[in-house]
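Peer 1: Need a 3D model of the sequence below.
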Amino acid sequence: MAHVVIMGAGIGGVPAAYDLRKALDRSHKVTVVSSQDHFQFTPSNPWVAVGWRTPEQIVVPLAEPLRRRGIDFIAQAVTQLDPTSNRLTLADGQTIPYDYLVITTGPKLAFDEIPGLGPHGGHTQSVCTTPHALDAWAAYQKFLEKPGPIVIGAAQGASCFGPAYEFALIVDADLRKRKIRDKVPMSFVTSEPYIGHMGLGGVGDSKGLLESELRQRHIKWITNAKILEVQAGVMKVAEHDAKGQATETHELKFAYSMVIPAFKGVDAVAANKEMCNPRGFVLIDEHQRNPKFPNIFSAGVCVAIPPVEATPVPTGAPKTGYMIESMVTAIVENIKADIEKKPATAKATWNALCLADMGDTGVAFVALPQIPPRNLTWAKKGKWVHWGKIAFEKYFISKMKSGNTEPFYEKYILKALGIVRLTGKH
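Peer 2: Predicted structure coming up:
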């Protein structure tokens, strides 16, 4: 009997657990270990931060749905990972042995790398977690009582730019609905070399499309930006040229700010330097296995992927839902193969698909593969994207509750976009 432990219960971890339980004989044990007792639908956090969603609408308690599927669940943080003895130590002191480990923890948020950044002890808000988004909503309500300048953006080293754009445009739409947009100057600050780079080297005409959207909504921007420090009501930003030389320093006043930080690996994983890169992300081969410890697999934001290209201010490569789904599928197939004494053959496709909400419209981006040159680059704007993301939210949450995690991106979104034939999959 093999014991497969999944470390983390997010968009990668929960589907991995369900799919492993479906793929493996019941003689094998599947256990999920998470610091939280619930799944949170992270893509909806920008809506929580403006009051368009409540946490209860996007959170799924996990104990019961996992139990129904025959999956053990332990709501405890992992404090130590010992890959040489195949054992986890949890916050309550218990130890969990494993035969296979799947790391899907997501990232550690590196607010500490910039003085004054972040929601706890800092001066900026976050939409990276649902509790952060709820705090951001509380701060936003206070802001609405006394409107002023807003600064939104993504810090140096960030690899998740979509939520920053989404939140800026959602806030714009919300302020227009409240008839107070004219009282709120807005600025967008990003480490990207140009608007619409997205950590992907651009997708189609994402540069022109998003620049046009920001202009239309009277949102000023600073690219090649490095945030030096955040004080109460003031953000100090160094703007750089194409060679990475600082050319100008800005002091941006704000009454409200939200910034996506850089990511790192979580402490228990990053402590094992032989299996991680210097940022603490898990090194993987083409089959999602760690080269040093081949019984350890990883998927999602916590895996090490090099930047798509060098940029004047550091940026990282995003890991989108479509890519994570593909990684999980490969992991499940390869663990099953190893248990059956067969070689690993499954590989993730590493394509990028993003539905970016803009409050009253949206943009869909597709990059196949994620890293250029690509077989397909596609970007379209329309209100249908806004409604599509709402439908996606409802569908995904229902699947987390039911345990039916069929390949959603492959089967539904790509088909809906009319490009299945271009991927070679039907």
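Peer 1: Identify the bridge partners of residue 33.
Peer 2: residue 7, residue 74 (DSSP bridges).
Peer 1: Which parts of the stretch 151-300 of the chain are helices?
Peer 2: Remark: helices of the stretch 151-300 of the chain, listed N- to C-terminal, are 162-177, 206-216, 267-270; assignment by DSSP state H, counting those that start in this stretch.
Peer 1: what angle do the longest one and helix 206-216 make?
Peer 2: I take that to be helix 162-177. If you take axes from the mean of the first three to the mean of the last three CA atoms, to 10 degrees, helix 162-177 sits at 30 degrees to helix 206-216.
Peer 1: got the contact list for helix 162-177?
Peer 2: 43, 45-47, 49-50, 52, 127-128, 140, 147, 150, 152-154, 158, 181, 184, 186, 188, 190, 198, 210, 213-214, 217, 219, 258-260, 318, 354, 356-360 (CB atoms under 8 Å, 6 or more residues apart in numbering). All C-beta spots, glycine's among them, are computed from the backbone N, C-alpha and C.
Peer 1: If we use 6 Å, what do you get?
Peer 2: For helix 162-177, contacts defined as CB atoms under 6 Å, 6 or more residues apart in numbering pick out 46, 50, 127, 152-154, 181, 184, 188, 217, 258, 260, 354, 356-360.
Peer 1: hmm, which of those residues are the buried ones?
Peer 2: Buried subset of the contacts of helix 162-177 (neighbour count, 16 or more other CB atoms under 10 Å): 46, 50, 127, 152-154, 181, 184, 188, 217, 258, 260, 354, 356-359.
Peer 1: Might you report the residue contacts of the spatially closest residue to residue 305 that is not a sequence neighbour?
Peer 2: With CB to CB, 6 or more residues apart in numbering as the criterion, residue 305 has its nearest non-adjacent residue at 4.8 Å, and that residue is residue 317. With CB under 6 Å, 6+ apart as the criterion, the residues that contact residue 317 are 159, 199, 305, 307, 308.
Peer 1: Check the secondary structure at the third one for me.
Peer 2: Residue 305 carries the three-state label coil when classified by DSSP: H, G, I helix; E, B strand; the rest coil.
Peer 1: Neighbours of it, how many?
Peer 2: With neighbours defined by other CB atoms under 10 Å, the count for residue 305 comes to 19.
Peer 1: so where's the protein shaky on pLDDT?
Peer 2: Counting by pLDDT under 70, the chain shows low-confidence ranges at 405-426.
Peer 1: mind giving me the domain ranges of it?
Peer 2: 3-109+264-349, 111-262 (automatic domain parsing).
Peer 1: and the helices of the stretch 151-300 of the chain as CSV, adding distance to residue 278 and mean neighbour count?
Peer 2: As requested, these are exported to CSV (distance: least, CB to CB, whole Å; neighbours: other CB atoms under 10 Å):
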stretch, distance to residue 278, mean neighbour count
helix 162-177, 24, 23
helix 206-216, 29, 18
helix 267-270, 9, 20
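Peer 1: Using JSON lines, lay out those helices together with distance to residue 84.
Peer 2: Putting the helices of the stretch 151-300 of the chain into JSON lines (distance: least, CB to CB, whole Å) gives the following:
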{"stretch": "helix 162-177", "distance to residue 84": "37"}
{"stretch": "helix 206-216", "distance to residue 84": "44"}
{"stretch": "helix 267-270", "distance to residue 84": "14"}
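Peer 1: re earlier: and which of the contacts of residue 317 is nearest residue 21?
Peer 2: Minimum separation from residue 21 among these (CB to CB) is found for residue 305, which lies at 27.5 Å.
Peer 1: Could I get the contacting residues of residue 202?
Peer 2: For residue 202, the contacting residues are residue 196, by CB under 6 Å, 6+ apart.
Peer 1: now the strands for the stretch 151-300 of the chain?
Peer 2: In the stretch 151-300 of the chain, the strands defined using DSSP state E, counting those that start in this stretch lie at 186-190, 219-222, 225-231, 234-240, 246-253, 256-260, 263-264, 296-298.
Peer 1: Same question for the stretch 301-426 of the chain.
Peer 2: Ranges of strands within the stretch 301-426 of the chain are 352-357, 362-368, 376-381, based on DSSP E, counting those that start in this stretch.
Peer 1: was I right about residue 45 contacting residue 126?
Peer 2: No - the criterion here is CB atoms under 6 Å, and residue 45 misses it with residue 126 at 8.6 Å.
Peer 1: What residues sit buried inside stretch 304-317?
Peer 2: Judged by neighbour count (16+ other CB under 10 Å), stretch 304-317 contains these buried residues: 304, 305, 307, 308, 311, 312, 313, 314, 315, 316, 317.
Peer 1: ugh, wrong one, stretch 53-69
Peer 2: Along stretch 53-69, these residues count as buried under the neighbour rule (16+ other CB under 10 Å): 53, 55, 58, 59, 60, 62, 65, 66.
Peer 1: Phi first, then psi, for the third one.
Peer 2: In terms of degrees, to the nearest 10, the main-chain angles of residue 58 are phi -120, psi 10.
Peer 1: Residue 185: what's it in contact with?
Peer 2: residue 149.
Peer 1: again, only using 8 Å
Peer 2: Taking CB under 8 Å, 6+ apart as the criterion, residue 185 is in contact with 149, 150, 220.
Peer 1: So it versus residue 377, what's the distance?
Peer 2: Going from residue 185 to residue 377 by CB to CB, to the nearest Å gives 34 Å.
Peer 1: Assess the claim that residue 303 and residue 282 are in contact.
Peer 2: Yes - the pair residue 303 and residue 282 passes the contact test of CB atoms under 8 Å, sitting 5.3 Å apart.
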